[in-house]
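Engineer: can't give you the sequence, but here's the structure:
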């Protein structure tokens, strides 16, 4: 197992090698990794739909070519509040329409012992502006845009699940650099 694959983070898993390399396990859904067993044939367990009966697992040695894990920071339909870099007042709401790329850049422990992963993302999203304090309606019309940014996924110390807390370095027309906050 690659040391970057860690419990608490969501992954999409597929079999490597052969003709069906684009066939994903678990119906292509991104699931949270719960545990990685010990030994040669490690049992790799993902979150299940029920607590009593979890069928979302496999053993690392069951497929000769191995398995590919894709870290998932954002998915279609995820929503974010759009703010300025320093200002926390919302400018707009963003809803992700499609995810074109997600690539893990780094993984580190912060000063509070939280595990933080940085992921480069390229997304298409719908942007709907909120009305300002002095207006009844927003000044700008809704837009569909494409952007790249750095998503921060954080698993708090002793927590079981990681969450995408924000996406930074996204440029929005008329506003410059903004932050998508969860």
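Structural biologist: Structure received. In this text the structure is predicted, and so the values were computed from the model without any measurement.

Engineer: my read is that residue 89 contacts residue 82, right?
Structural biologist: No. Using C-beta atoms under 8 Å, residue 89 is not in contact with residue 82; the gap is 10.3 Å. C-beta here means a position set from N, CA and C on the backbone, and glycine is covered the same way.

Engineer: these two: which is more packed in?
Structural biologist: Neighbours per residue, other C-beta atoms under 10 Å: of residue 89 and residue 82, the larger number sits with residue 82, 22 against 10.

Engineer: residue contacts, the more buried one?
Structural biologist: 90, 91, 92, 93, 94, 127, 172, 178, 179, 180, 181 (C-beta atoms under 8 Å, 6 or more residues apart in numbering).

Engineer: got a ChimeraX select line for the buried ones in those residues?
Structural biologist: Buried residues within the contacts of residue 82, by 16 or more other C-beta atoms under 10 Å, are selected in ChimeraX with:
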select :91,92,93,94,127,172,178,179,180,181
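
Engineer: could you provide the contacts of residue 82 in a markdown table, with additional columns for distance to residue 116, secondary structure and pLDDT?
Structural biologist: Output for the contacts of residue 82, formatted as a markdown table (distance: C-beta to C-beta, whole Å; DSSP: H, G, I helix; E, B strand; the rest coil; pLDDT from 0 to 100):
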| residue | distance to residue 116 | secondary structure | pLDDT |
| --- | --- | --- | --- |
| 90 | 24 | strand | 88 |
| 91 | 25 | strand | 88 |
| 92 | 26 | strand | 91 |
| 93 | 25 | strand | 95 |
| 94 | 22 | strand | 97 |
| 127 | 26 | strand | 95 |
| 172 | 24 | strand | 91 |
| 178 | 20 | strand | 95 |
| 179 | 16 | strand | 96 |
| 180 | 16 | strand | 97 |
| 181 | 16 | strand | 96 |
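
Engineer: which SS state does residue 27 fall under?
Structural biologist: Here residue 27 takes the helix state, with states given by DSSP: H, G, I helix; E, B strand; the rest coil.

Engineer: from residue 55, how far off is it?
Structural biologist: Distance, residue 27 to residue 55, using C-beta to C-beta, to the nearest Å: 12 Å.

Engineer: ok, residue 161 next?
Structural biologist: Residue 161 is 20 Å from residue 55, by C-beta to C-beta.

Engineer: likewise residue 169?
Structural biologist: For residue 169, the distance to residue 55 - C-beta to C-beta - is 39 Å.
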